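1. any chance you could fold what I've pasted below:
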Amino acid sequence: MVANGRRAQRVTAIGSRARTDAARTDAARNDAARNDAARTDAARTDAADAAGSGAARSNGNLGVARDAVWCSRLSKSYGQRAALRSVSLRIAPGEVVGLLGPNGAGKSTLVKMLVGLVRPDSGEALVLGAPLGRPEARRDIGYLPELFRYQPWLSVAEVLGLHARLCPLPAADRAGEVRRVLARAGLADRGPYRVGSLSKGLQQRLGLAVALLGKPSLLLLDEPTSALDPTGRADVRALIDECRAEGTTVLLNSHMLSEVERSCDRVIVLDRGRVLADGPLGAWLDHDMLRVRLDSDAAPFVTCLARFGAVSAHARELTVASVAMSMVPDVVATLVGAGARVVSVEPGQVSLEERLLELLARSNEEHR
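-> Numbers count the residues shown, from 1 in each chain. Predicted coordinates for the structure are as follows:
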């Protein structure tokens, strides 16, 4: 009986210690929950402060909380290489913006930062009104990365179903949403196909369909037409037009300048991690130019046209930038007076490619 009593005491003691440990665990959990809540409140306060300070800096009435994207002095380095240097920009809701620049300019780093895959070393930003990387912002972003690969043994429908669960979409809505994005990406009849059996262009369409799941408010497209044929590129342009009409904000990172020229409202140029230019597309293209074709080498006649504007020569063609159309007869008369034989004269506008190359050339000269 004594032994039984001692065993009972030990069991009671063990039970008491277990209850004490459980109470301590509960207290620790409560403390952690309170700390998390405090951190959340602090983050919300920081975001509000950032929004307020950004609004004051921009000196505008709209306010950064209403911007789809707001960035202030974002910087990022990888070792000794600076990928972004004090990048500041704003993108309004429903705006379609082209992000341009040479390789290594920092475009993909900026896009990954907006998604929350890369953290800035310094600076601040709001995406859909929330600080970078916050779940509430990421939940409403559609992202097509430049390089991606889905499991080749899965079907197209299975890939989309998986991402629909990750969104997360309600179970009752997933099948209908998968059908919607399949049709919108031009894959309506490809649902049962294995990913490994698709061409590169069709896999690109699948990536676009994944980005469209859940009707995101912000669509980040990194080289969306790189693997597409002309029909596919036209489909992407039509899709961007539809997104604009629905009020979706689109950031298009592309080297296909003709696509940017056809689709975007505004252009931002990055070079060496800095914003080199930012403005409406119309301002980029609203420059008269003149192409003059000669029957001989054009280089000797560049100097005589210098008074009309910036002149460049290529083979037998001269290009005079920013020249008024009323001056065309004077340009031709000057060339003829200098001994040139003019074959044709073609008034026109400076293309986005020409403006970008001119801008990057000036930037390169400044950094020599």
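2. what about the stretch 51-200 of the chain, any weak spots by pLDDT?
-> 51-65 (pLDDT under 70).
3. could you pull out the strands in it for me?
-> In the stretch 51-200 of the chain, the segments counted as strands under DSSP state E, counting those that start in this stretch are 69-78, 81-91, 96-100, 122-127, 130-131, 141-144.
4. tell me the helices and strands packed up against the first one.
-> In this structure, strand 69-78 packs against helix 2-58, strand 81-91, helix 107-115, strand 122-127, with contacts taken as 3 or more C-beta pairs under 8 Å, 6 or more residues apart in numbering; DSSP states H and E. All C-beta spots, glycine's among them, are computed from the backbone N, C-alpha and C.
5. at 7 Å what do you get?
-> strand 81-91, helix 107-115, strand 122-127 (3 or more C-beta pairs under 7 Å, 6 or more residues apart in numbering; DSSP states H and E).
6. who's in contact with the second one?
-> Counting contacts by C-beta atoms under 7 Å, 6 or more residues apart in numbering, the residues outside helix 107-115 that touch it are 69, 74, 76, 83-84, 87, 99, 101, 118, 120, 127, 132, 138, 141, 143, 146, 220, 222, 251, 253, 270.
7. between the strands of the stretch 51-200 of the chain, which one is nearest to L212?
-> If you check each of these against L212 by C-beta to C-beta, strand 141-144 wins as the nearest, at 5.8 Å.
8. partner strands of the closest one and their direction?
-> strand 218-222 (parallel) (DSSP bridges).
9. so what's the gap between the strand it pairs with and the chain middle?
-> Relative to its parent chain, strand 218-222 has a centroid offset of 5 Å by C-alpha atoms, centre = their mean, to the nearest Å.
10. what do you get for stretch 313-329?
-> Using C-alpha atoms, centre = their mean, the offset of stretch 313-329 from its chain centre is 35 Å.
11. who's in contact with it?
-> By C-beta under 7 Å, 6+ apart, the residues outside stretch 313-329 that reach it are 287-299, 301-302, 305, 308-312, 331, 345, 347, 350.
12. give the ChimeraX command for selecting the buried subset of these.
-> The ChimeraX selection below is limited to those of these classed as buried (16 or more other C-beta atoms under 10 Å):
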select :287,288,289,290,292,294,298,301,305,308,309,311,331,350
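13. in helices, which of the contacts of stretch 313-329 appear?
-> V331 (DSSP state H).
14. in the stretch 201-350 of the chain, what residue spans correspond to strands?
-> 218-222, 249-253, 266-271, 274-280, 288-294, 311-314, 317-321, 342-349.
15. residues contacting the fifth one, please?
-> Put plainly, it is strand 288-294. With C-beta under 7 Å, 6+ apart as the criterion, strand 288-294 contacts 316-325, 328, 331, 335, 340-350.
16. for the strands of the stretch 51-200 of the chain, which one ends up most surrounded?
-> Mean neighbours per residue, mean count of other C-beta atoms under 10 Å, is largest over these for strand 96-100, with a mean of 25.
17. neighbouring contacts of that one?
-> 91, 107, 240, 244, 250-254, 260, 263-270, 356.
18. and the buried ones among the residues you listed, selectable in PyMOL?
-> To isolate the buried ones among these in PyMOL, judged by 16+ other C-beta under 10 Å, type:
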select buried, resi 91+107+240+244+250+251+252+253+254+260+263+264+265+266+267+268+269+270+356
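19. related to what we said a few turns ago, among the contacts of strand 288-294, which ones are buried?
-> Among the contacts of strand 288-294, those classed as buried by neighbour count (16+ other C-beta under 10 Å) are L318, T319, V320, A321, V323, V328, V331, L335, A340, V342, V350.
20. would you list these in a markdown table and tack on distance to V156?
-> Formatted as a markdown table, those follow (distance: C-beta to C-beta, whole Å):
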| residue | distance to V156 |
| --- | --- |
| L318 | 52 |
| T319 | 47 |
| V320 | 52 |
| A321 | 48 |
| V323 | 53 |
| V328 | 55 |
| V331 | 57 |
| L335 | 59 |
| A340 | 60 |
| V342 | 57 |
| V350 | 42 |
